[in-house]
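Asker: Next one to model:
(one chain, ligands or ions: 1)
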Amino acid sequence: MIYLDAAATAPVRREVLEAMWPLFTSDYGNPSSHHTVGESAARALDYARRLVATELNCRPADVVFTSGGTEADNLAIKGIALATPRGRHIVASAIEHPAVLETLDYLKRLHGFRITLLPVTSAGLVEPEILRNALAPDTTLCTIMYANNEVGTVQPLPELARICREYSVPFHTDAVQAAGWLPLDTAELGVDAMSISGHKLGAPKGSGVLFARSRIPLEPLIHGGGQERGKRSGTENVAGAVAVATAICLAQQERESNCAASVARRNHLINTVLTGIEGAILTGDAQKRLPNLASFCFPGASGEAILLELERAGVISSSGSACAAGDSEPSTVLLALGIDSDIAQTALRLSWTPATTDAEIALAARSVVASVRAVQALK
Ligand code: PLP
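Answerer: Predicted coordinates for the structure are as follows:
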């Protein structure tokens, strides 16, 4: 079996499991307890926070451990919007993950916020001037994802963040798909808040990080004992924090070599599919895209039939967002890129981890060509 659905989730790395083990066995204390068992858990949590802060080039106080990307997005957006509204206007891109879009919808319905969703180009890029024109005196937050989970397009984040800074608008980015593949230096990116999920990086599901500059007021979503400097109450998931910290650290250390190898794999896969299948369309930007993600549409072929045919051939893939699995509606991301709804329903997304080999990608590329041709022949 060749697993090419890493954008949905990835296996846990051995080094991460090994780092977690002592937190379940010897250092299992509650970090708030004032005895040696609690203190060793508190030290582990502190170590995890410092590790993340080093990788993100921020202060340890800016790191909040969460249950994953969805919670980090919710905390950043609701937390900033409700703490210090300059007004009730939020700007986002039209191709955000549901963790962002649904949060914005909540703020609109229950708190009267006005939401501006920026259109994107046919490659999925937000144009800086369109962002600039959307900012208003009452804009309280801008949230634009770093890399898209369905088509892999990477936004010009430093430029977008710079525009928001000019207008003193806090800038949050969902970096769930970018982490491990793109630079995460928060100072260089110029972001005020950034969400990361552990399970896309080799840590378990239920682990994540929100970087949120501590000078920006943040209203907590979860109230209680005041853990995480009052930003996220509840006894800390120390093993999860150590896991996500270890996974971020390893991914950052290996990033350059992983990227070089992965870009070659991606380009081979894209070339094989585009030359082997008549009418195949690459979705997303051809160059400004994640190294580990290739996404296509095959006009006239059934997307579901392609996925089944590929699985029969031993290749696990998806049509796009895992959150939309089983959804018969066309992807809102592909529609926002201007793709017709019948073509959007033929989408295929292939995404992999750094451990995926050249041989696996080459075999998968041949399987995609054979599977799509088989489905096309059925018509
Ligand atoms: N944001 C993006 C871009 C994602 O791809 C995902 C997961 O697919 C999430 C947020 C949600 O992350 P989590 O599954 O950790 O809640």
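Asker: Point out the other helices and strands that the helix or strand containing Val375 packs with.
Answerer: Taking DSSP states H and E as the criterion, the element that holds Val375 is helix 358-378. Contacts defined by 3 or more CB pairs under 8 Å, 6 or more residues apart in numbering; DSSP states H and E place helix 358-378 against strand 2-3, helix 238-276, helix 303-312, strand 315-316, strand 347-351. The C-beta positions use only the backbone N, C-alpha and C, and glycine is treated the same way.
Asker: what's next to the helix or strand just after the first one, contact-wise?
Answerer: Just to be clear, that refers to strand 2-3. Scanning forward in sequence from strand 2-3 by DSSP H and E, the next helix or strand is helix 14-25. Taking contacts as CB atoms under 8 Å, 6 or more residues apart in numbering, the residues outside helix 14-25 that touch it are Ala41, Ala44, Gly202, Ala203, Pro204, Val238, Ala239, Val242, Ala243, Thr246, Ala247, Leu250.
Asker: And the strands in the protein?
Answerer: For the chain, the strands defined by DSSP state E cover 2-3, 63-66, 89-93, 114-118, 139-143, 171-174, 193-197, 208-212, 281-282, 293-297, 315-316, 347-351.
Asker: Which of those sits closest to Leu363?
Answerer: Closest to Leu363 of those is strand 2-3 (CB to CB; 6.5 Å).
Asker: Other residues contacting that closest one?
Answerer: Strand 2-3 is contacted from outside by Gly314, Val315, Ile316, Trp352, Thr356, Glu360, Leu363, Ala364, Ser367, using CB under 8 Å, 6+ apart.
Asker: which one of the contacts of helix 14-25 has the most neighbours?
Answerer: Neighbour counts for those (other CB atoms under 10 Å) peak at Ala203, which has 33 neighbours.
Asker: just checking, that one touches Ala241?
Answerer: No. Using CB atoms under 8 Å, Ala203 makes no contact with Ala241, being 9.5 Å away.
Asker: and Glu129, how many neighbours?
Answerer: Neighbour count of Glu129, defined by other CB under 10 Å: 9.
Asker: wait, isn't Arg132 in contact with Ile163?
Answerer: Yes. Counting by CB under 8 Å, Arg132 touches Ile163, with 5.1 Å between them.
Asker: Which one's more surrounded, the two?
Answerer: Comparing Arg132 with Ile163 by other CB under 10 Å, the one with more neighbours is Ile163, at 18 against 13.
Asker: For the chain, what lies in contact range of the ligand?
Answerer: Listed as neighbours of the ligand in the chain under the rule CB under 6 Å from any ligand atom: 68-70, 73, 97, 99, 145, 149, 174, 176-177, 197, 199, 208, 322.
Asker: Report the buried members of those residues.
Answerer: The neighbour count (16 or more other CB atoms under 10 Å) marks 68-70, 73, 97, 99, 145, 149, 174, 176-177, 197, 199, 208 as buried among the residues of the chain next to the ligand.
Asker: Quickly check these for the two that are furthest apart.
Answerer: Spanning the widest gap among those are Met145 and His199, at 17.3 Å by CB to CB.
Asker: still on that earlier bit, and the contacts of helix 14-25 as CSV, adding distance to His35?
Answerer: Putting the contacts of helix 14-25 into CSV (distance: CB to CB, whole Å) gives the following:
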residue, distance to His35
Ala41, 10
Ala44, 15
Gly202, 33
Ala203, 28
Pro204, 27
Val238, 15
Ala239, 19
Val242, 20
Ala243, 24
Thr246, 26
Ala247, 30
Leu250, 32
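Asker: pLDDT added to those residues, as a markdown table?
Answerer: Shown next, in a markdown table, are those (pLDDT from 0 to 100):
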| residue | pLDDT |
| --- | --- |
| Ala41 | 97 |
| Ala44 | 98 |
| Gly202 | 98 |
| Ala203 | 98 |
| Pro204 | 98 |
| Val238 | 98 |
| Ala239 | 98 |
| Val242 | 98 |
| Ala243 | 98 |
| Thr246 | 98 |
| Ala247 | 98 |
| Leu250 | 98 |
